[in-house]
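**Q** 3D, please:
(one chain, ligands or ions: 1)
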Amino acid sequence: MNIMERAINDAGLDDIYEKVQGGERLSMEDGLRLFETSALPALGFMANMVRERFNGNNAYYIYNQHVNYSNVCTNLCKFCAFGKENGHEKAYCMTIEEIAEKIRQRLDEPIKEVHIVGGIHPELPYSYYIDMLKAVKEVRPEIHIQAFTCVEIAHIAAMGSKSVEECLEDLVDAGLGSIPGGGAEVFSTRIREKLCPDKLPGRDWIEVAKTAHRKGIKSNATMLYGHIETLEERIEHLVALREAQDETGGFMCFIPLAFHPKNTGLDHVAPTSGIDDIKNIAVSRLMLDNFPHIKAYWIMLGPKIAQLALAFGADDLDGTVLEEKITHMAGAETSEAMSNREIEHLIKGAGRIPVERDTLYNVIA
Ligand code: V47
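**A** Predicted structure coming up:
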């Protein structure tokens, strides 16, 4: 028995280790035991095995830009500091020309992806979203647009009195490339009733994602952790994603999102601990045996925890991000952007190979 196997044995996790070695699927109960263990090196060793099985020594990043077109939102989720009621003094909504200008301003940078999300705006017409995508493509035809969470897509479809299928077809025709992972939060109805009763229910979020996948549109998935959710609810969320992925195979990447309490309706909640951040990465890697990538989103984790996460199951750091708003409104102290050089420095410091990718994980030569 080597030293890591001894640590796994001491933690009483041999049966899980056997499954991990054999590529066998972990049960909900296994997942719970992994969250409950304090044997972090043992957990990390197993998560790293799976990480290297999927992605070797590579750690991915992307040169991307974020655009948050509007913070007007009818959902007003308790955990969110970004969304504002229509008419609120801090509410804003960019015009199509302002969005195009954001893209134009960075034409001299080798940006590969624009990540566009906003709130659930009660008035913007269907044409706004279509015109936005067209305008971005007109300014920068080669850019990949990753836009609109599953929650926004359900809303946009409703605004246009279209089915989700029809809406997705129109969005793709206008330039949509893929769908980001936001809006998933925690699928539990208990959590949604307490924190975001007006938001698209969890099962509908999954339906929109699966509909997109069936149309050949790839997407990501997230889980917002560190507020009032139980460990069981986290595991149920992961298993629901795993089942959806079994059906469609359309998810590229899972991103555990660390809750930031400042300026939210949950500002009494303590920020997540480094240990919990790392556990979420490792347990996700072990439970989501059909997801190719696990992302450590440095904006929410901070660069140091994100770097550590590369040894505990994560293989992706997201990217330059340029102008993030959602986490910064909730008190994030990270910078709003990082250069490729800084990201590569973090990755090399973790003993991994930095690999610049596009949205669909094609390697940029
Ligand atoms: O859906 C809201 C979360 C999400 C807070 O797909 C908060 O690659 C922490 O989904 N503290 C939007 N999180 C961001 C997102 C994302 C980010 C980066 C990459 C990708 C991807 C997706 O942010 C929301 C919500 O779950 N959020 N408020 C908060 N106070």
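
**Q** Could you use CA atoms for every contact and neighbour count after this?
**A** Fine.

**Q** How many neighbouring residues does G319 have?
**A** 23 (other CA atoms under 10 Å).

**Q** So what sits opposite it in the bridge?
**A** Going by DSSP bridges, G319 is paired in beta bridges with I62.

**Q** which residues sit in contact with it?
**A** Going by CA atoms under 8 Å, 6 or more residues apart in numbering, G319 touches 61-64, 338, 340, 343.

**Q** can you redo the residues you listed as TSV with neighbour count and distance to the ligand?
**A** What follows is the contacts of G319, written out as TSV (neighbours: other CA atoms under 10 Å; distance: CA to the nearest ligand atom, whole Å):
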residue	neighbour count	distance to the ligand
Y61	25	11
I62	24	10
Y63	22	12
N64	25	10
M338	18	14
N340	16	17
I343	23	15
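
**Q** residue ranges of the helices in the stretch 51-200 of the chain, please?
**A** For the stretch 51-200 of the chain, the helices defined by DSSP state H, counting those that start in this stretch cover 96-104, 126-139, 150-159, 164-174, 189-195.

**Q** which of these is buried the deepest?
**A** Of all the helices of the stretch 51-200 of the chain, helix 150-159 carries the top mean neighbour count, a mean of 22, counting by mean count of other CA atoms under 10 Å.

**Q** Tell me what angle that helix forms with helix 126-139.
**A** Relative orientation of helix 150-159 and helix 126-139, computed by axes from the mean of the first three to the mean of the last three CA atoms, to 10 degrees: 120 degrees.

**Q** Please name the residues that touch the residue in the stretch 151-300 of the chain that the ligand sits nearest to.
**A** The stretch 151-300 of the chain approaches the ligand most closely through G182 (3.0 Å), counting by CA to the nearest ligand atom. Residues in contact with G182, defined by CA under 8 Å, 6+ apart, are 149-150, 220-222.

**Q** Please identify which pair of the contacts of G319 lies farthest apart.
**A** N64 and I343 (12.4 Å; CA to CA).

**Q** list residues touching both of the two?
**A** 319-320.

**Q** The ligand contacts on this structure?
**A** 79-81, 180-183, 185, 220, 224, 257-261, 326-327, 330 (CA under 6 Å from any ligand atom).

**Q** ok so, going back, so what's the backbone phi/psi at the residue of the stretch 151-300 of the chain closest to the ligand?
**A** The phi/psi pair for G182 (degrees, to the nearest 10) reads phi -70, psi 170.

**Q** State the pLDDT value of it.
**A** Note on G182: pLDDT of 98.

**Q** Look up how far G12 lies from it.
**A** To G12, G182 is 35 Å away according to CA to CA, to the nearest Å.

**Q** Output the helices of the stretch 51-200 of the chain in CSV; the columns should cover mean pLDDT.
**A** Putting those into CSV (pLDDT from 0 to 100) gives the following:
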stretch, mean pLDDT
helix 96-104, 97
helix 126-139, 98
helix 150-159, 98
helix 164-174, 98
helix 189-195, 98
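
**Q** For these, give me JSON lines that also has distance to E5.
**A** Supplementary listing: these in JSON lines, determined by distance: least, CA to CA, whole Å:
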{"stretch": "helix 96-104", "distance to E5": "51"}
{"stretch": "helix 126-139", "distance to E5": "52"}
{"stretch": "helix 150-159", "distance to E5": "41"}
{"stretch": "helix 164-174", "distance to E5": "48"}
{"stretch": "helix 189-195", "distance to E5": "37"}
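
**Q** thought L288 was touching R242?
**A** Yes - contact between L288 and R242 holds when scored by CA atoms under 8 Å: they sit 5.8 Å apart.

**Q** State the helix or strand in which F254 lies.
**A** strand 251-258 (DSSP states H and E).

**Q** Can you name every helix or strand that that strand contacts?
**A** If you count contacts as 3 or more CA pairs under 8 Å, 6 or more residues apart in numbering; DSSP states H and E, strand 251-258 packs onto strand 219-225, helix 274-287, strand 293-294, helix 298-301.
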